[in-house]
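Asks: any chance you could fold what I've pasted below:
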Amino acid sequence: MSSSQSEELSKLRDTLSRQRYSPTVIHNYCLYAGQFLAYLEEHAIDVQDVTPDLVARYLRHAVRQFQLDRGRAPGSSWASIPRSGIHALLRSALSEWPPAPPSMTEAERFARDICDQYERWLRAERGLAEPSITALMWEARHFCKWLIQRNGKAGFADLSVRHIDAYMDIRAPGLARKSLKDVAERLRGFLRHLHRSKLHPDDLSGHVIAPLLYAYEGIPSVLTADQITEVLILAGQDNSPLGLRDHAILQLLAKYGLRSGEVGRLQIEDINWRSDTIRVHRSKSNATAVLPLMESVGEAILRYLRDGRPDTDMRTVFVRSRAPYQPMTAGGLYGVVKRRLAVAGIEPVGKRGPHVFRHARAVSMLRASTPRKIIGDVLGHRSPEATAPYLKLATEDLRSIAINLPGLEVKQ
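Replies: All right, here's what the predicted structure looks like:
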């Protein structure tokens, strides 16, 4: 290895150390980065000339080499560590990585401007919450990309029902009925914007065909009180930094019925230890709620902050357990719940993410005869109608009050 490559590895090692990566991760990243540098030297390629395609080609080469060396194929996720090490090397060695995307075509710039205008309207006029804007904008950008790939800039002026049907056909495979209906609603919103902005003469939103869903159909996954207790007990017995973090997250989900985004956005200053309160930033309404800090929740958070949380300047309460220490994402919180349910041997029917605790909290309040208005306030609903779907969850309560009607006895 040349002296310049040794310098690049030394620079990478120092960078990872400053970012507080663990010694094991630093070793692995530098190992795979060194192998990549050797590959570049063998093929007379300068680091400055590396492209994403070259990295992908090298990783395919590394997989083949793994098979030759060990006589078996690596696991499906094996390439993730070499890929991360190589990307860390390139971020350290180059002024910009990943490289800037190629310049946009006129049609792509036109689509970008339309989407930017739509996003500004959603934010300023509709005042929607960030997760809602993100979902609407993803669909709008995906639709625009699909449209200009077919017809270029003219695709917007020539947009017809035929195009809408074709787009929904490519979105439908693999989606549940509820998910497909969500796609249709997001597309309708964007089509109304095109008409409102005079980018299309007709309002085509009424031509988007979506599955018919009945109000409150289906029963969501819900955990019993005993199952929640079991999950919390087992998580509380794990005194590792990861266990302390997971236990605090589960306490918040179970005791308050918070949404995953509300847990993920929790800041250290949102917890007032003097007044025993916790401030929650509601995901959908952008409102702020101040709730009493339950003793079990406070103790779990305090243990995590003292003994489990990485040493970082981040103000977000819950961060990744490994460097780089970034706030927990929705996917990370989903993984926490899925992992802890598996440890407890619990397999909910249907979805098994953070929302199962929210459903369970709603049921527990229903069974305690809590007024619907208070349930909505605790869950952070903007209207009574938003609380209505949770009323269908207490089905066992309805069975317990079944009455006998004369003449309808079951004949033996």
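Asks: name the helix or strand for the nearest residue to residue 153 once chain neighbours are set aside, please.
Replies: Excluding the flanking residues, the one nearest residue 153 by Cβ to Cβ, 6 or more residues apart in numbering is residue 107, at 4.0 Å. The C-beta positions use only the backbone N, C-alpha and C, and glycine is treated the same way. Assigned by DSSP states H and E, residue 107 falls within helix 106-121.
Asks: what sits against the residue nearest to residue 153?
Replies: Contact partners of residue 107, counting by Cβ atoms under 8 Å, 6 or more residues apart in numbering, are 148, 152, 153, 155.
Asks: next one: residue 186
Replies: Contacts of residue 186 by Cβ under 8 Å, 6+ apart are 135, 136, 139, 140.
Asks: ok, so of those, who is nearest residue 223?
Replies: residue 135 (26.3 Å; Cβ to Cβ).
Asks: which element is the closest one on?
Replies: Assigned by DSSP H and E, residue 135 belongs to helix 130-151.
Asks: most neighbours, which of the contacts of residue 186?
Replies: For these, the largest number of neighbours (other Cβ atoms under 10 Å) sits with residue 140, at 23 neighbours.
Asks: which SS state does the residue lying closest to that one once chain neighbours are set aside fall under?
Replies: Nearest residue to residue 140, sequence neighbours excluded (Cβ to Cβ, 6+ apart): residue 190, at 4.4 Å. Following DSSP: H, G, I helix; E, B strand; the rest coil, the label given to residue 190 is helix.
Asks: give me the neighbour count for residue 190.
Replies: With neighbours defined by other Cβ under 10 Å, the count for residue 190 comes to 22.
Asks: again, but for residue 265
Replies: Other residues near residue 265 come to 20 when the count uses other Cβ under 10 Å.
Asks: and it, what is it in contact with?
Replies: Residues near residue 265 by Cβ under 8 Å, 6+ apart: 281, 283, 316, 327.
Asks: need phi/psi at the last one.
Replies: Its backbone dihedrals place residue 327 at phi -60, psi 150, with angles given as degrees, to the nearest 10.
Asks: check the most centrally placed residue in the chain and give its pLDDT.
Replies: By Cα atoms, centre = their mean, the chain has its centre lying nearest to residue 330, at 3.2 Å. With respect to pLDDT, residue 330 has a value of 87.
Asks: which residue, neighbours along the chain excluded, lies closest to it?
Replies: Leaving aside its chain neighbours, residue 330 sits nearest to residue 260 (5.2 Å; criterion: Cβ to Cβ, 6+ apart).
Asks: residue 104: which element?
Replies: Counting by DSSP H and E, residue 104 is part of no helix or strand.
Asks: make 550 the starting number, not 1.
Replies: From this message on, residue numbering opens at 550, which makes the last subject residue 653.
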